[in-house]
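Undergrad: below is the sequence, then the predicted model.
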Amino acid sequence: MPLFAIPFPVIDPVLFSVGPLVIRWYALAYVAGLVLGWLVVRRLCASDGLWAASQKRPTVEDLDDLLVYAALGVVLGGRIGHVLFYGWPYYSQNPLEILQVWRGGMAFHGGLIGVLAAILIFARRKGLSALTVFDLFAVVAPIGLFFGRIANFINQELWGRPTDVPWAFVFPRADDLPRHPSQLYEAGAEGLLLLVVVALVVRRVGFRRPGLPAGVFAVGYALARSFCEMYRQPDESEFINAWFTMGMALSLPMLLAGLALIWRALRRPRLAPATGRPAP
């Protein structure tokens, strides 16, 4: 083993099993992200000071339905995105493995597309502004990203590039080289840091500038993902050139869309709070 490298901790991908029932950390990460996000969104929708009187908010019953829509969008979109963006040559030859989600292999950008489609359908059926639901999603998405990246670490997937930093890990599923724990970098940047940034925006202006939280999330994720891509070890098929990767390319539309949402939100007057208090 290389000097100063940290051996990968012995973590069983299976949390526990009872007969044929197997609970994996990977699945638990998605469940935790969805449930915690649902709880936070319920609290946000109940906080009058964050909203304008003219804004229609989802009801408690609506949010129960939204959890189902979001779960389907994340799982179906994430898996389809992984297959199409990162693994089509392999999965086209092994189609049955497309269904083996428990083995890992979910693409955030695919999951995002799936969630956006689910939100558009949900908002139309409930008579809500899609932008309102996008803003709510932007606040809680980093929670799911954090748990998802921790699951990537436990699964020993999406490991980093070889390095000599003192916190390097040796991932047995990769080789015996010390590597950046890029999954933890992404958990910190795309998860914790982005959660704090979007939460501060909502704390300051609430949802009274429609599109602002969603725009900040999109820009923040695109920048965090592109930065972390410099430390992750992409597959050969993911390199577009010597330094530009598929992850960076897929983040570029998010960056542009986020900037457009921020520009749109800031050029319009801030809505007055529903409680009648003057806006800060």
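TA: Here it is on my side, so go on.

Undergrad: and residue 225, how close does it get to residue 234?
TA: 12 Å (C-beta to C-beta, to the nearest Å). (Glycine included, C-beta is placed from N, CA and C.)

Undergrad: between the two, what contacts are shared?
TA: Common neighbours of residue 225 and residue 234, counting by C-beta atoms under 8 Å, 6 or more residues apart in numbering, are residue 247.

Undergrad: of the two, who's got more company?
TA: residue 225 (24 against 16; other C-beta atoms under 10 Å).

Undergrad: that one belongs to a strand?
TA: No: under DSSP: H, G, I helix; E, B strand; the rest coil, residue 225 falls outside any strand and is assigned helix.

Undergrad: tell me the pLDDT of it.
TA: The model reports residue 225 with a pLDDT of 94.

Undergrad: for residue 144, same thing?
TA: Confidence for residue 144, expressed as pLDDT, is 91.

Undergrad: what does residue 102 give?
TA: We note a pLDDT of 60 for residue 102 in this prediction.

Undergrad: the strands in this structure, which residues?
TA: All strands of the chain, identified by DSSP state E, fall at 6-7, 14-18, 21-24, 169-170, 178-179.

Undergrad: which residue ranges of this protein form helices?
TA: 25-45, 60-86, 88-91, 108-126, 130-154, 182-186, 194-205, 212-229, 246-266 (DSSP state H).

Undergrad: and those: which comes nearest residue 166?
TA: Of all these, it is helix 182-186 that lies closest to residue 166, at 14.2 Å by C-beta to C-beta.

Undergrad: what sits up against that closest one?
TA: 145, 149-150, 152-153, 157-161, 224-225, 228, 231-233.

Undergrad: now do 10 Å
TA: With contacts defined as C-beta atoms under 10 Å, 6 or more residues apart in numbering, helix 182-186 is touched by 108, 145-146, 148-161, 163, 167, 169, 171, 191, 224-225, 227-233, 247.
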